[in-house]
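# Fold the following and give me the result.
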Amino acid sequence: CIYQSLVKAETEEFTFGGASEEEETSPPNITFFPLKNDSIVKSEMQFINIACNVTNYALNETSIRWLDKDGKVAAANRYLYIKSLLKQDEGIYNCSVEKVKDPQIRFNRTLHLKITIPSISIDILPEESLKIGGQIKRQCSDLGLPQETIVDDFTYTWLNQQNKTIGNTNILQIPVVDESVVGRYICQYKSKETSKIYEAATYVNLKQSVSYKIKIITNPALFRYGERFSLRCEVEPFYQNIKYTWYKKDEFIGNDQELVIKSFKKDNVGTYKCVASLQLPSGKLDLMEESIQQFAFFRESKIELTTKPGPQVYVHRGEKKELHCEIETSSGNRGKEAEWYINGKKFKNGDIPLVNRLDGQYVSMLVISDISQINEGNYECRVGSSIKEVNLIVLLDEGLIETSPPILKVKEGQSVEFHCRVENIPSVKNVNLKWNFESKEGLVRNNIPDSRWQLMNDEIADQTSFIVLMKAEVSDSGYYICTEPNGQTARSELIVIPDKDKNSLTITPREIRVRAGQRVDIECFSKNTQGRASGNPEFSFTNNKPIGRDGRFKISNVGPAHKRLTAPGGLSLSDNNMDVFCSLEGRQVSSKIYVSDICPPGYRFCQNGECLENAKFCDKINHCADKSDEDPITCRECDPISRKCEINNQVLPKKNYFLIHWICDGEEDCGNGYDEQNCDGFSLNNCGGKFFTCSDNKTIPRGYVCDENIDCSQGEDETGCTSPQITKTSATKVVATKSQLVTLTCEATGKPLPVLVWRFNWGCIQNSTRFSTNFFSTDCNSVTSSLTIKDFKAGDDGIYNCEALSSRQRSFSNDFQVILKNN
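Numbering: from 1, shown residues only. Sure thing, here's the model as predicted:
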């Protein structure tokens with residue numbers, strides 16, 4: 001059972017010690033923790049855990065139990081705990097308090113429990129096609145309740161029209177071979193604790209099926225910096241009541257059909273995603289499309305002034321611009337009669353370096369030869385009663401970096417070329433630009449050039465860098481990122497369309513990170529266009545070097561057209577960054593193997609393998625021998641056990657980073673309280689929370705426990721100290737299908753209680769709503785954490801680890817190897 005926040009209630013709300021004679025005759029003060037009143041609303045399948053506390057009597061003076069609405073004992077102690085609620089549990093519960101010395105004296109307080117009934121739903125997945133040769137693909141949801149409020153386990157069951165079981169995951173996937181698939185399908189979501197079943201139905205009708213398409217329209221198609229800009233999401237054919245959701249870098253930014261940006265600035269550059277949700281009779285259908293938006297600067301050297309209000313023109317440092325003030329011939333005025341004002345001050349030649357005036361008969365010009373920050377501001381040209389103006393804004397960055405084309409779609413096997421260009425950054429040449437690849441899930445990252453991509457930097461076009469690929473593979477789909485030394489980036493997207501006439505080829509995992517000597521497993525399988533095993537995939541190294549010549553590896557057959565590559569004894573540190581290829585019929589996919597040690601807590605790797613304190617990364621000082629600690633790409637990477645100190649209550653932190661097991665430990669580590677805020681929902685609140693209580697009731701910060709300094713008068717804060725130890729895990733090899741729900745669990749002990757941290761390929765768990773963790777302690781002797789992956793995808797496969805971390809060092813679980821299943 002889970003007694004969250006109850007020990008804290010005892011230490012904070014109870015008055016311990018004997019009662020006076022006057023207090024013995026007074027009624028007990030009964031409270032319900034953590035409630036603020038006498039009622040609570042919960043959903044079926046959630047748990048409740050409520051403590052009945054008596055605050056004006058000592059613990060040994062009263063006997064407490066809970067009675068249900070029929071007067072039966074619901075709990076023999078003061079904790080009312082129900083693991084999985086059902087509607088029948090709704091009603092009143094009485095907390096009955098008896099005096100130990102006189103059991104005839106009883107007092108009650110009533111709790112009112114209301115229970116709502118949740119439901120599940122079925123969604124149509126984008127991959128579904130109801131044409132002959134396509135497939136039915138639908139997803140059954142869970143109850144939609146917060147994960148931390150449920151301790152039950154559930155199973156999925158799919159039933160067809162004949163009430164026969166046809167599946168036991170949350171995904172229904174059926175090939176459409178003929179009209180026999182038409183009908184109703186039922187998803188059942190069953191509680192293991194109570195056997196309660198929740199059902200939802202979905203209907204398949206081939207004759208009424210419609211193929212919906214989505215596209216994003218840019219208006220205007222070409223636009224300039226600072227101009228109005230919009231993206232419109234359109235679905236064809238038209239459908240009523242579509243719900244639109246816009247994202248930028250996976251962050252929600254709007255829910256209108258048209259996304260309007262009033263003035264396109266540098267922060268608006270990036271990838272925009274529109275999700276259109278259609279509530280069809282057969283279920284919900286989500287369509288998704290992405291659009292990459294960059295901008296165009298004012299390229300012309302000539303800038304026309306206009307009548308007020310004049311335009312805002314964005315320019316770069318180092319550019320040359322001519323400001324033209326055209327004079328109407330009918331006005332009778334000449335260019336030499338114009339008066340120029342810069343930021344309200346009258347200008348004449350010689351006032352500002354590199355700014356010169358030139359007058360014609362019907363035009364007056366200011367020529368700025370080398371724009372710098374001092375040239376920013378308002379420029380007015382006054383001729384008689386006419387006033388024209390322009391506002392120059394000098395961009396603070398050193399110039400522009402852009403990649404082209406922004407989006408490229410090619411067929412499998414075609415060649416690919418991207419180029420990256422810098423403008424107005426004289427110190428940066430093409431050899432200074434770095435290229436990286438990142439998969440759409442953000443899980444696979446490779447440096448370019450590699451064994452397949454060629455890098456070309458020509459001296460003739462010394463500010464443009466090219467990358468070329470001769471034959472594109474489906475796994476090459478993703479983002480190609482160009483970075484200049486100052487940290488500015490630009491990226492292009494590559495979409496590789498599979499050749500439908502070829503066998504598909506899958507390698508899993510696509511990236512794996514292991515320690516030296518740790519076992520390595522990689523699988524590869526192929527299927528034909530009907531989804532059946534076909535072909536004979538072969539493993540190889542770079543340049544088609546056969547695997548069989550390397551005695552460290554073994555190749556075995558898992559099934560038809562399905563092979564496994566294993567290094568039972570692991571690899572050495574010198575094998576870091578190894579590429580393994582799997583090939584079939586001219587098609588090739590690859591997996592990257594990284595081999596490294598683990599840095600101590602609070603340290604991260606430089607690219608050359610050194611361990612450096614986390615706080616020294618990205619502080620504008622080179623500490624790594626290879627200077628990689630100041631590399632913009634390295635700066636964006638995270639460390640699983642470190643967190644950045646940030647501003648708290650408008651107070652700057654005194655330190656840059658703190659370790660994750662220092663959160664809510666009663667001791668300020670950032671220097672401004674940032675690591676000690678928002679601790680009400682802290683996972684160990686039922687075990688004392690921020691503080692440890694000594695035998696004399698003195699409280700000390702939890703961070704002082706087992707720190708080799710005695711803080712309690714009897715020294716109990718330094719007794720029984722043990723290093724963290726992983727004691728129990730769920731299955732360490734998981735084979736998952738696409739869209740499946742995957743859950744990994746880990747349990748650990750130690751004093752002080754450790755914090756459990758999850759790693760993926762020895763790095764961070766990706767920041768996505770599909771990934772969630774739950775961390776709690778049931779008895780304050782051990783801690784448990786679970787990692788849940790919703791809608792499992794390619795790229796989620798790899799090595800996962802659970803790390804127990806405390807002031808008494810650290811402990812790692814065995815590897816959880818999660819493999820993408822060959823369906």
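
# CA atoms for contacts and neighbours, from now on please.
Fine.

# Now do the helices in the chain.
All helices of the chain, identified by DSSP state H, fall at 6-13, 21-24, 632-636.

# residue ranges with poor pLDDT in the stretch 401-550 of the chain?
Low-confidence segments of the stretch 401-550 of the chain, defined by pLDDT under 70: 441-444, 501, 543-544.

# Could you chop the chain up by domain?
What the record gives for the chain is the domain set 6-116, 122-207, 213-293, 302-394, 400-497, 504-595, 722-820, from automatic domain parsing.

# and among these, the most buried is which?
domain 722-820 (a mean of 20; mean count of other C-alpha atoms under 10 Å).

# Tabulate the domains of the chain (JSON lines), appending distance to residue 698.
JSON lines is the format used below for these (distance: least, C-alpha to C-alpha, whole Å):
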{"stretch": "domain 6-116", "distance to residue 698": "11"}
{"stretch": "domain 122-207", "distance to residue 698": "32"}
{"stretch": "domain 213-293", "distance to residue 698": "46"}
{"stretch": "domain 302-394", "distance to residue 698": "61"}
{"stretch": "domain 400-497", "distance to residue 698": "48"}
{"stretch": "domain 504-595", "distance to residue 698": "44"}
{"stretch": "domain 722-820", "distance to residue 698": "18"}
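
# can you tell me which of these comes nearest to residue 714?
Nearest of these to residue 714, taken as C-alpha to C-alpha: domain 722-820 at 17.1 Å.

# now the end-to-end length of the closest one.
In domain 722-820, first residue to last residue: 38 Å (C-alpha to C-alpha, to the nearest Å).

# roughly how far apart are residue 554 and residue 816?
Applying C-alpha to C-alpha, the value for residue 554 to residue 816 is 21 Å.

# residue contacts, residue 371?
Residue 371 makes contact with 316, 317, 318, 319, 320, 321, 394 under the criterion C-alpha atoms under 8 Å, 6 or more residues apart in numbering.

# give the contact list for residue 175.
Residue 175 makes contact with 133, 134, 135, 136 under the criterion C-alpha under 8 Å, 6+ apart.

# Kindly apply the preceding question to residue 513 instead.
Per C-alpha under 8 Å, 6+ apart, neighbours of residue 513: 593, 594, 595, 596, 761, 762, 799.

# what about the residue lying closest to the fifth one once chain neighbours are set aside, distance to residue 629?
Taking C-alpha to C-alpha, 6 or more residues apart in numbering, and ignoring the residues beside it in sequence, residue 761 has residue 513 as its nearest neighbour in space, at 4.5 Å. Relative to residue 629, residue 513 is positioned 20 Å away (C-alpha to C-alpha).

# Please name the bridge partners of residue 749.
Counting by DSSP bridges, residue 749 is bridged to residue 725, residue 782.

# From residue 119, how far out is it?
Going from residue 749 to residue 119 by C-alpha to C-alpha gives 37 Å.

# And for residue 62?
For residue 62, the distance to residue 119 - C-alpha to C-alpha - is 42 Å.

# swap in residue 625?
58 Å.

# cool, and residue 534?
41 Å.

# now swap in residue 475 and tell me
38 Å.

# ok, now residue 675?
Using C-alpha to C-alpha, residue 675 is found at 38 Å from residue 119.

# higher neighbour count, the two?
Neighbour totals were compared for residue 675 and residue 119, and residue 675 leads with 27 against 14 (other C-alpha atoms under 10 Å).

# contacting residues for that one?
Residue 675 makes contacts with 645, 658, 662, 663, 664, 668, 669, as judged by C-alpha under 8 Å, 6+ apart.

# Buried ones among the residues you listed?
Neighbour-count burial (16 or more other C-alpha atoms under 10 Å) applied to the contacts of residue 675 gives 645, 658, 662, 663, 664, 668, 669.

# From what I see, the fourth one and residue 673 are in contact.
Right, residue 663. No: Residue 663 is beyond contact range of residue 673, at 10.2 Å (criterion: C-alpha atoms under 8 Å).

# Neighbours of residue 705, how many?
Look at residue 705: counted by other C-alpha under 10 Å, it has 26 neighbours.

# Leaving out sequence neighbours, find the closest residue to it.
residue 717 is the one closest to residue 705 (C-alpha to C-alpha, 6+ apart), at 5.0 Å.

# looking at this protein, which residue lies furthest from center?
With distances taken from the mean C-alpha point of the chain and given as C-alpha atoms, centre = their mean, the most distant residue is residue 332, at 65.8 Å.

# Can you give me the pLDDT of that one?
The confidence metric pLDDT takes the value 82 at residue 332.

# ok, so what distance separates it from residue 362?
According to C-alpha to C-alpha, residue 332 stands 10 Å off from residue 362.

# who are the neighbours in contact with the residue nearest to residue 275 when sequence neighbours are not counted?
Closest residue to residue 275 apart from its sequence neighbours, by C-alpha to C-alpha, 6+ apart: residue 288 at 4.5 Å. Residue 288 makes contact with 214, 273, 274, 275, 276, according to C-alpha under 8 Å, 6+ apart.

# Return the residues in contact with residue 573.
Residue 573 makes contacts with 515, 516, 595, 596, 597, as judged by C-alpha under 8 Å, 6+ apart.

# What is the burial count for the fourth one?
If you count neighbours by other C-alpha under 10 Å, residue 596 ends up with 20.

# circling back to that earlier point, so which of the domains of the chain is nearest residue 694?
Nearest to residue 694, of all these, is domain 6-116, at 11.2 Å by C-alpha to C-alpha.

# and the closest one, how far from the chain's centre?
Counting by C-alpha atoms, centre = their mean, to the nearest Å, domain 6-116 is centred 41 Å from the centre of its parent chain.

# Stretch 675-689 too?
Distance of stretch 675-689 from its chain centroid, counting by C-alpha atoms, centre = their mean, is 24 Å.

# Next: stretch 410-422.
Its chain's C-alpha centre and that of stretch 410-422 lie 28 Å apart, by C-alpha atoms, centre = their mean.

# Show the contacting residues for residue 435.
Going by C-alpha under 8 Å, 6+ apart, residue 435 touches 447, 448, 449, 480, 481, 482, 483.

# can you do 6 Å?
By C-alpha atoms under 6 Å, 6 or more residues apart in numbering, the contact set of residue 435 is 448, 481, 482.

# Report the beta-bridge partner residues of the last one.
Which is residue 482. residue 435, residue 490.

# contacting residues for it?
Listed by C-alpha under 6 Å, 6+ apart, the contact set of residue 482 reads 434, 435, 489, 490.

# next one: the first one
Residue 448 is in contact with 435, 436, counting by C-alpha under 6 Å, 6+ apart.

# do you know how far it is from residue 491?
Remark: distance between residue 448 and residue 491 (C-alpha to C-alpha) = 13 Å.

# the strands in the stretch 701-823 of the chain, which residues?
Under the criterion DSSP state E, counting those that start in this stretch, strands of the stretch 701-823 of the chain are mapped to 722-729, 733-736, 742-751, 755-760, 771-776, 782-789, 798-806, 809-812, 816-820.
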